[in-house]
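1. Just to be clear, the model below is a prediction. Sequence and coordinates:
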Amino acid sequence: MSEQSVDPVAKPPRNRWRMAFFTLLAVNLGVMGLMAGAVMRDGGPRERMIKDLAFGPFTEALSEEDRKELRQGFLRKLPDFRADRMAMRADALALIGVLRADPYDPAALRAALDQVQGRMQSRVAVGRDLLLERIDAMDVAARQAFADRLEAGLRHGGGKKGD
């Protein structure tokens, strides 16, 4: 047997890198989810709801009245908000279970990430539609003030809340 013989049981290095990549990706998504959950938990229910819209600087640049309208719109479109948040938590816990499973199942990880992504995309779509409705309803002065606050927030990493 030569010095460079290959162990038939060992996995090729490529598969190890792929598994490591997806594991790190999943862990990062899990950590981001936990951090987002902590941020949402720290505010009141109304503030958590507006943060769930996931449009950061855009929602921060809205006036208090516009944020109030967004919250009300969000409640109309997702009346069972608490159940939705609990389902997101269950998705995250399922993902953690897949990560801890031995043997590792890449297909199960993909399915768990697809579930998380689908639920997040649904919420982002609701937030996007509500934000567009709010901006469409603004007159020229309100829209320009919104643009000014958005620009200031993006430039300075923050901005004034409301008007």
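-> Nice, thanks for sending it over.

2. Distance check, residue 129 against residue 74.
-> In this view, residue 129 and residue 74 are 10 Å apart by C-beta to C-beta, to the nearest Å. Where you see a C-beta, it was placed from the backbone N, CA and C, and this is true even at glycine.

3. Could you do residue 68 as well?
-> Distance, residue 68 to residue 74, using C-beta to C-beta: 11 Å.

4. Repeat that for residue 89.
-> Distance, residue 89 to residue 74, using C-beta to C-beta: 18 Å.

5. again with residue 106
-> Separation of residue 106 from residue 74 (C-beta to C-beta): 35 Å.

6. Pick out whichever of those two has more residues nearby.
-> More crowded of residue 106 and residue 74, by other C-beta atoms under 10 Å: residue 74, with 20 against 13.

7. Correct me if wrong: the more buried one contacts residue 127.
-> Yes: Residue 74 is within contact range of residue 127, at 7.3 Å (criterion: C-beta atoms under 8 Å).

8. quick one: buried residues of stretch 93-101?
-> Judged by neighbour count (16 or more other C-beta atoms under 10 Å), stretch 93-101 contains these buried residues: 95, 96, 98, 99.

9. how about the strands of this protein, start to end?
-> Per DSSP state E, the chain carries no strands over any range.

10. Apart from its chain neighbours, what residue comes closest to residue 129?
-> What sits nearest to residue 129 in space, not counting adjacent residues and going by C-beta to C-beta, 6 or more residues apart in numbering, is residue 77, at 7.8 Å.

11. again with residue 143
-> Leaving aside its sequence neighbours, residue 143 sits nearest to residue 135 (C-beta to C-beta, 6+ apart; 6.6 Å).

12. And residue 133, by the same measure?
-> Using C-beta to C-beta, 6+ apart, the nearest residue to residue 133 is residue 73, at 6.9 Å.
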